[in-house]
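# show me how the following folds:
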Amino acid sequence: ATLTLSATSEMVAWLNGEKIAYLPNVKGLQDSECVVTVPLRAGDNTLMLKLARHWERNWMFCGNLTD
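Numbering: from 1, shown residues only. Take a look at the predicted model:
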């Protein structure tokens, strides 16, 4: 599957406990900042995102998962 992520702040993403992406602190929401191929397993998968806000007043992020 392909995971696309964007954020207004620094972001780290983990899938099923494994770090899969890092986005640096870029001002503004950029389209498709990070595109990564991810291995999905049968059953449930857990995506965890950690955002670190530096100058934005609002936390904004978006993601898209396609197979």
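# all helices for this protein, in order.
Read by DSSP state H, the chain holds no helices at all.
# which regions of it lie under the pLDDT threshold?
Residue ranges of the chain with pLDDT under 70: 26-27, 54-57.
# quick one: residues contacting the nearest residue to Val38 once chain neighbours are set aside.
In space, Val38 comes closest to Leu3 once its chain neighbours are excluded; the distance is 4.9 Å by C-beta to C-beta, 6 or more residues apart in numbering. Where C-beta positions appear, they are placed from N, C-alpha and C, glycine not excepted. The contact partners of Leu3, by C-beta atoms under 8 Å, 6 or more residues apart in numbering, come to Ala13, Leu15, Ile20, Ala21, Val35, Val36, Thr37, Val38, Leu47, Gly63, Asn64, Leu65.
# which one (most neighbours) among those?
When neighbours are counted as other C-beta atoms under 10 Å, the busiest of these turns out to be Ala13, with 23 neighbours.
# which residues does that residue contact?
Leu3, Leu5, Lys19, Ile20, Ala21, Tyr22, Leu23, Cys34, Leu47, Met48, Leu49, Lys50 are the contacts of Ala13 under C-beta under 8 Å, 6+ apart.
# one more pass at 7 Å, please.
Taking C-beta atoms under 7 Å, 6 or more residues apart in numbering as the definition of contact, the neighbours of Ala13 are Leu5, Ile20, Ala21, Leu47, Leu49.
# likewise for Ile20?
Applying C-beta under 7 Å, 6+ apart, one finds that Ile20 lies in contact with Ala13, Trp14, Val36, Val38.
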